[in-house]
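A.B. asks: When you get a sec, could you give me coordinates for this:
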Amino acid sequence: MLAAASTVGFSGMFGVSSAFAADNGDSIPDMLNIAATAEAFAVTHYFRALDATTTKAKFDPKDVAYFQAALESEQAHLDFLMSNGGKPLTTEFYFPVGTFDTTQAFGLVTSIAETVFVGAYLAATRRFAELGQPLLAATAAQVATIEAQHLALVRDTGGLFPNNIALGAPVFYNVSEAVPVVSPLLSGKKGALGDMETAKYKLPSKDDVMKAVGKSMLVAKLDAPFNTLIVPFTSVKAPAMSSATMAATMAATK
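C.D. replies: I've put the predicted structure just below:
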């Protein structure tokens, strides 16, 4: 797994191209469902990393704190998407064999996953803008920046140089292009990272997630440049969400 990823790189492994989706663009409901599936996987992934019963890798305390904060933010993303109509296509996932055996393997696999997430949210930003939904485009961009933070941190965990790019990689033109890339996580079939585990790992409950997180390290607001918006993804309570963002979502999905 490590040799394959290190030798051919991300785009070579997955054959990523900037092809148009059906009808030259994704629908908003489809983007919400795909994003919800990705976030459900992300929650499961970071939760499992913190689960001592299934993880052999020995993470140092700073990495554990990174993963707890990442887990909380991914749960907040999932909560927001589901509250706005997104539905995960599955809540059970497969992982490449060896993902949680060493810090190097975990860092590499997670960096690939986070590259997919950044690319998908950048594609969503483009598509929302194309559809005339600037608030949704801004919100997708906000999430992309958080996934990029995770990307840098997990690269550091895996012994890779963390800030190795000047721009987020636009590996997808439409969000739906990410689906075949991550299909082994959903099907368990052998993919670019080699054999997959035979057992599925189920999305943990929100209560279990928050127990694993412990004390929250997230804040509820950002000041600029969207100071008219309460950032929806960093609050798990619906009343704290921006009414403007909620209205834009509802209007766009009708």
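
A.B. asks: need the helices for the stretch 51-200 of the chain, in chain order.
C.D. replies: Using DSSP state H, counting those that start in this stretch, the helices of the stretch 51-200 of the chain run over 61-83, 103-130, 134-157, 178-187.

A.B. asks: pLDDT (mean, whole number) over the second one?
C.D. replies: So the one you mean is helix 103-130. For helix 103-130, the mean pLDDT works out to 95.

A.B. asks: Please apply the same query to stretch 216-228.
C.D. replies: Per-residue scores along stretch 216-228 average to 55.

A.B. asks: Next: stretch 80-92.
C.D. replies: The pLDDT scores in stretch 80-92 average 92.

A.B. asks: CA atoms only for it, dumped as PDB, please.
C.D. replies: Provided in PDB are the C-alpha atoms of stretch 80-92 (Å, rounded to 0.1, in the frame of the first residue of the first chain):
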ATOM      1  CA  PHE A  80     -25.200  20.300   9.100                       C
ATOM      2  CA  LEU A  81     -25.400  18.300   5.900                       C
ATOM      3  CA  MET A  82     -28.000  16.000   7.300                       C
ATOM      4  CA  SER A  83     -30.100  18.800   8.800                       C
ATOM      5  CA  ASN A  84     -30.200  20.300   5.300                       C
ATOM      6  CA  GLY A  85     -31.400  17.100   3.600                       C
ATOM      7  CA  GLY A  86     -28.100  15.300   2.900                       C
ATOM      8  CA  LYS A  87     -28.200  11.500   3.600                       C
ATOM      9  CA  PRO A  88     -25.200   9.200   3.700                       C
ATOM     10  CA  LEU A  89     -25.400   6.500   1.000                       C
ATOM     11  CA  THR A  90     -24.000   4.100   3.700                       C
ATOM     12  CA  THR A  91     -23.000   4.200   7.300                       C
ATOM     13  CA  GLU A  92     -20.600   1.200   7.200                       C
END
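
A.B. asks: tell me which residues of it are tucked away?
C.D. replies: Judged by neighbour count using 16 or more other C-beta atoms under 10 Å, the buried positions of stretch 80-92 are 80-82, 84, 86, 88, 91. C-beta: built from backbone N, CA, C; applies to glycine.

A.B. asks: Pull the most distant pair out of those residues.
C.D. replies: Pairwise distances across the buried residues of stretch 80-92 (C-beta to C-beta) peak at 17.9 Å, for the pair 84 and 91.

A.B. asks: Okay, now the unreliable bits of this structure?
C.D. replies: Applying pLDDT under 70 to the chain flags the ranges 1-24, 219-254.

A.B. asks: Find the residue at the geometric middle of it.
C.D. replies: The centroid of the chain falls nearest to residue 117 when counting by C-alpha atoms, centre = their mean (4.4 Å).

A.B. asks: What's the separation between that residue and residue 214?
C.D. replies: 24 Å (C-beta to C-beta, to the nearest Å).

A.B. asks: related to what we said a few turns ago, deepest-packed of the helices of the stretch 51-200 of the chain, please.
C.D. replies: Of all these, helix 103-130 has the most neighbours on average by mean count of other C-beta atoms under 10 Å, namely a mean of 23.
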